[in-house]
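Chemist: Mind folding the following:
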Amino acid sequence: MNEIAKTAIKCISGLIAFSLVLDLARATRGSEGGGGYFAVLALVGLGMTLATGYLVAAKFAKEKAIALDRYQRLTEDYRRLADLASAAQEHLDLKMGEVGVRLEHLSSQVGGLQRILDEVE
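Modeler: Prediction:
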C-alpha cells in the first residue's frame, strides 16, 4: 500500500473520530459534567485514529514480509538454476575434451594409413 493511501486512511479515520467526538459533545453540552465526557470522547477518538494507523501499518508490514519471502524464493530458484547450468557446462566441457582427444587419435590413424597407402602405390 503506498504512502498516499495510508495517509488518506488515517485522515478519514481521524475525521470520523473527530466528528463523533463533536456530535457527542454537542449532545452532552447541556448536561452537567459535559467537559469530562468531552475529554473521554476525545481520548476515544484519538484511540480510534491510532488503532486505524496501527492496523494499516500491520497490513503494510505483512505485505512487505510476503513480498520479501517471494523474492527470497525466487532468488533461491535462480541459484539452483545457475548451479544446474554450471554443472551442465562442466559436463559439456568434459565431453568436448573427450571428443577432441578421439578426433586427434583418429587423425593420427588416418595419417598413418595415408603413409601406408602412399608407400603401397
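Chemist: so where's the longest helix in this structure?
Modeler: Counting by DSSP state H, the longest helix found in the chain is helix 34-120.
Chemist: what helices or strands is that helix leaning on?
Modeler: Packing partners of helix 34-120 (3 or more C-beta pairs under 8 Å, 6 or more residues apart in numbering; DSSP states H and E): helix 3-28. Where C-beta positions appear, they are placed from N, C-alpha and C, glycine not excepted.
Chemist: Tell me the confidence at the spatially most central residue of the chain?
Modeler: Residue closest to the mean C-alpha point of the chain, counted by C-alpha atoms, centre = their mean, is residue 67 at 2.9 Å. For residue 67, the pLDDT comes out at 90.
Chemist: re the thing from before, run the chain-centre distance for the longest helix of the chain.
Modeler: 13 Å (C-alpha atoms, centre = their mean, to the nearest Å).
Chemist: Same question for stretch 13-26.
Modeler: 39 Å.
Chemist: do stretch 5-18 as well
Modeler: Distance of stretch 5-18 from its chain centroid, counting by C-alpha atoms, centre = their mean, is 28 Å.
Chemist: Give me the buried positions along that stretch.
Modeler: 9, 10, 13, 14, 17, 18 (16 or more other C-beta atoms under 10 Å).
Chemist: In this structure the last one contacts residue 45, no?
Modeler: What that stands for is residue 18. Yes. At 5.8 Å, residue 18 and residue 45 qualify as touching, with contact defined as C-beta atoms under 8 Å.
Chemist: quick one on the thing from earlier: want to throw the buried residues of stretch 5-18 into JSON lines with distance to residue 83 and pLDDT?
Modeler: As requested, the buried residues of stretch 5-18 are arranged in JSON lines below (distance: C-beta to C-beta, whole Å; pLDDT from 0 to 100):
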{"residue": "9", "distance to residue 83": "45", "pLDDT": "73"}
{"residue": "10", "distance to residue 83": "47", "pLDDT": "71"}
{"residue": "13", "distance to residue 83": "50", "pLDDT": "72"}
{"residue": "14", "distance to residue 83": "53", "pLDDT": "71"}
{"residue": "17", "distance to residue 83": "55", "pLDDT": "71"}
{"residue": "18", "distance to residue 83": "59", "pLDDT": "72"}
